[in-house]
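J.: Below is the structure, and that's it, no one-letter string:
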């Protein structure tokens, strides 16, 4: 409108920078062991072993699983980006068992009447399994994704490769895992020791 901008001097509120909450590998294995059935086991295993977002898991189709190349194709993830991520050999065995038992038609995980599985159902599966596993803290599907990134970093996987697997646009997003990876702390001698 040709008016001068009078708001340049107003400070914008700072965004909180919180560290991601991460579960140990033992806690994740324990949660997966405490699932009700093979379908639930596959859902939680894929969230962790492939670093999937809940929405990406819900949108997975049967042909997105490439057992020859041992990868999962994520179509239209966050920001409408496609990516390739890892497929675990153990998860593939479980998926084959699940497929024979449940016989999904279109989506890898389907709700009633061949509809997409609901995000709330995934949250409930995880919450119930964590409760049975005796984990006191609140566990969310995204914590499994954060754990995936952190555990890869702790195993020495290059930060750029983790960025690609997780589908992060910026390396700054992936760098947050350097703050919670504990393997780097092991070489530092504590001042009181």
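T.: Happy to help now that I have it. Computed from a prediction, not measured in an experiment: that's the story for all the values here.

J.: Can you name the residues that contact residue 143?
T.: Counting by Cβ atoms under 8 Å, 6 or more residues apart in numbering, residue 143 makes contact with 20, 21, 22, 23. Just so you know, the C-beta spots here come from the backbone N, C-alpha and C atoms, and that holds for glycine as well.

J.: so what's the residue nearest the centre of the chain closest to, chain neighbours aside?
T.: Nearest residue to the geometric centre of the chain (Cα atoms, centre = their mean): residue 145, 2.3 Å. With sequence-adjacent residues excluded and distances taken as Cβ to Cβ, 6 or more residues apart in numbering, residue 145 is closest to residue 51, at 5.2 Å.

J.: my read: the one you found touches residue 85, true?
T.: Yes - here residue 51 lies in contact with residue 85, judged by Cβ atoms under 8 Å, at a distance of 6.0 Å.

J.: any idea how far the residue nearest to residue 145 is from residue 29?
T.: Distance, residue 51 to residue 29, using Cβ to Cβ, to the nearest Å: 16 Å.

J.: Neighbour count: those two, which is higher?
T.: residue 51 (25 against 14; other Cβ atoms under 10 Å).

J.: you'd agree that one is in a strand?
T.: No - applying DSSP: H, G, I helix; E, B strand; the rest coil, one finds residue 51 to be coil, outside a strand.

J.: Distance check, it against residue 84.
T.: Distance, residue 51 to residue 84, by Cβ to Cβ: 12 Å.

J.: ditto for residue 144
T.: Counting by Cβ to Cβ - residue 144 and residue 84 are separated by 19 Å.
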